[in-house]
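K.L.:
Could you work out the structure for the sequence below:
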Amino acid sequence: MDANIFNAALEMTLEWGENFHKPIQERIRRAYPALTEAEADTLDSLCREIMYYAFEQIEHSYTEKNSGQQETAAIKAKYPLINEQNMASMWSQGQYYAWHDNG
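P.N.:
You can find the predicted model right below:
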């Protein structure tokens with residue numbers, strides 16, 4: 001899988017505002033016209049899986065009040081193509097949700 005396309009798809013999945021939690025297939029295919037419909041569907045599904053997995057790990061870090069190093073390592077081990085910008089976005093959003101759900 002191309003890391004640039006993967007990270008563009010993940011960035012779209014994490015996007016706030018008008019496209020918040022909307023499917024990414026149409027947007028990712030506009031950005032990368034060579035992608036097939038099936039590839040765009042796979043990216044949408046994979047990126048949602050990654051987002052929810054990361055948020056679970058981040059919530060664990062929040063509730064255990066630890067540094068998050070283990071959780072970051074687990075996310076990177078499972079999904080090694082994630083760039084630093086997307087990792088930072090997931091941590092920012094994940095910490096908000098953890099705080100919101102756990103006080």
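
K.L.:
ok now do residue 5, which residues does it touch?
P.N.:
28, 32, 35, 43 (C-beta atoms under 8 Å, 6 or more residues apart in numbering). The C-beta positions use only the backbone N, C-alpha and C, and glycine is treated the same way.

K.L.:
and the spatially most central residue of the chain, how far is that from residue 45?
P.N.:
By C-alpha atoms, centre = their mean, the chain has its centre lying nearest to residue 51, at 3.7 Å. Distance check for residue 51 against residue 45: by C-beta to C-beta, to the nearest Å, it reads 11 Å.

K.L.:
and if you look at residue 26?
P.N.:
15 Å.

K.L.:
Against residue 70, how distant is residue 64?
P.N.:
On the measure of C-beta to C-beta, residue 64 and residue 70 end up 9 Å apart.

K.L.:
My error: substitute residue 97 in the last question.
P.N.:
Counting by C-beta to C-beta - residue 97 and residue 70 are separated by 19 Å.

K.L.:
try residue 79
P.N.:
15 Å.

K.L.:
more crowded one of those two?
P.N.:
Between residue 79 and residue 70, counted using other C-beta atoms under 10 Å, the more crowded position is residue 79 (18 against 13).

K.L.:
Where does the closest residue to residue 79 other than its chain neighbours sit: helix, strand or coil?
P.N.:
Of all residues not flanking residue 79 in the chain, residue 50 sits nearest, at 5.3 Å (C-beta to C-beta, 6 or more residues apart in numbering). Per DSSP: H, G, I helix; E, B strand; the rest coil, the secondary structure class of residue 50 is helix.

K.L.:
Repeat that for residue 33.
P.N.:
coil.

K.L.:
which stretches of this protein form helices?
P.N.:
3-13, 25-31, 37-64, 69-78, 84-102 (DSSP state H).

K.L.:
Quick one: the ones you listed as CSV, columns for distance to residue 19 and mean pLDDT too.
P.N.:
Formatted as CSV, the helices of the chain follow (distance: least, C-beta to C-beta, whole Å; pLDDT from 0 to 100):
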stretch, distance to residue 19, mean pLDDT
helix 3-13, 7, 98
helix 25-31, 7, 98
helix 37-64, 12, 97
helix 69-78, 23, 97
helix 84-102, 14, 94
